[in-house]
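Enquirer: Below: sequence and its predicted model.
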Amino acid sequence: MSDPAPLFAALDATWPAARQFSLPPWKIREGRDGGKRVTAAEASEDASAEDIAAAEQAMTALGQPCLFTLRGASGPLDALLAERGYRLSDPTLIRTCPLAVLLHQHPPPVSAFTVWEPLQIMRDIWAEGGIGPDRIAVMERVAGAKTGLFGRSANKPAGVGFVALSGDTAVVHAFEVRDTARRLGTARNMMLAAAHWAAARGAQTMALAVTESNLAANSLYESMGLTTVSRYHYRIKE
């Protein structure tokens, strides 16, 4: 994707902040403990030290940490934030593939399901991975087509995820596989279930965000044909 803007818009639409408003050059997000992506301020252009101070004031007024998200590689704003004591956090890759790449396979019977509203066991598995009610509230805010993913391996509950549509792009979020179910195909089966669910609703592209440090997930997604098309990272002041 030559222009990543529509992809970032899809990420926002399928994992929305509780509220956001413009404070030029910033987009300020109110996250309500929904995680970094729905909390971080984002600039539409390079910002000055005075602009940063204004964003800090706005985030503090919301009771949130001072946190910024920056697309692509380092630039002037990234350097300015580093000089002001903001540390680098969670370099993240955005991976996509044409949905058709995933549709030649189906998950084995009773290995992966699409379910909405989430079952209690799904909430439990999310909670085990640190995805609690505040992040499930993010899923509930999504206005478009959406569903939960529930994976089973060895006849036991094994994993969960969430997928939602923005235009013709399906974006996967909140993937969590229990430690006891890793390397059993749980994540692959849930991805295939997500692909078929999305295709039935007219989607053409699959997308997701994954931290660079998650080597196992990146290896899986690479093997399934999802390639890196953009990236972002955070700067946070403790």
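Expert: Perfect, thanks for sending it.

Enquirer: And the strands in the chain?
Expert: When assigned using DSSP state E, the strands of the chain occupy the ranges 19-23, 26-30, 41-43, 67-71, 87-98, 112-115, 146-153, 156-166, 169-177, 205-211, 227-236.

Enquirer: What residue spans form the domains of this structure?
Expert: 5-93, 96-230 (automatic domain parsing).

Enquirer: How far away from the center of its chain is the first one?
Expert: Meaning domain 5-93. Distance of domain 5-93 from the chain centroid (C-alpha atoms, centre = their mean, to the nearest Å) equals 15 Å.

Enquirer: Same check on the last one?
Expert: Relative to the centre of its chain, domain 96-230 is centred 11 Å away, using C-alpha atoms, centre = their mean.

Enquirer: in the chain, what residue sits furthest out from the centroid?
Expert: residue 50 (30.0 Å; C-alpha atoms, centre = their mean).

Enquirer: ok, back up a step: how about the strands of the chain, which one is nearest residue 185?
Expert: strand 146-153 (6.8 Å; C-beta to C-beta). For glycine as for every other residue, the C-beta is placed from the backbone atoms N, C-alpha and C.

Enquirer: neighbours around the closest residue to residue 198 other than its chain neighbours, how many?
Expert: Excluding the flanking residues, the one nearest residue 198 by C-beta to C-beta, 6 or more residues apart in numbering is residue 170, at 3.4 Å. By other C-beta atoms under 10 Å, 30 other residues sit near residue 170.

Enquirer: Tell me which of the strands of the chain lies nearest to residue 9.
Expert: Nearest of those (C-beta to C-beta): strand 156-166, 7.0 Å.

Enquirer: For stretch 221-231, what does the pLDDT average out to?
Expert: Across stretch 221-231, the average pLDDT comes to 97.

Enquirer: For that stretch, output the C-alpha coordinates as PDB.
Expert: Provided in PDB are the C-alpha atoms of stretch 221-231 (Å, rounded to 0.1, in the frame of the first residue of the first chain):
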ATOM      1  CA  TYR A 221       2.000 -13.900   9.900                       C
ATOM      2  CA  GLU A 222       4.900 -13.900   7.400                       C
ATOM      3  CA  SER A 223       4.200 -17.600   6.700                       C
ATOM      4  CA  MET A 224       0.500 -16.800   6.000                       C
ATOM      5  CA  GLY A 225       1.400 -14.100   3.500                       C
ATOM      6  CA  LEU A 226       0.900 -10.900   5.600                       C
ATOM      7  CA  THR A 227       3.800  -8.500   4.700                       C
ATOM      8  CA  THR A 228       4.900  -5.400   6.400                       C
ATOM      9  CA  VAL A 229       3.600  -2.300   4.700                       C
ATOM     10  CA  SER A 230       4.000   0.400   7.400                       C
ATOM     11  CA  ARG A 231       5.100   0.800  11.000                       C
END
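
Enquirer: quick one on the thing from earlier: now the domains of the chain as TSV including distance to residue 238?
Expert: As requested, the domains of the chain are exported to TSV (distance: least, C-beta to C-beta, whole Å):
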stretch	distance to residue 238
domain 5-93	7
domain 96-230	19
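
Enquirer: Need the winner for burial among these.
Expert: Mean neighbours per residue, mean count of other C-beta atoms under 10 Å, is largest over the domains of the chain for domain 96-230, with a mean of 18.
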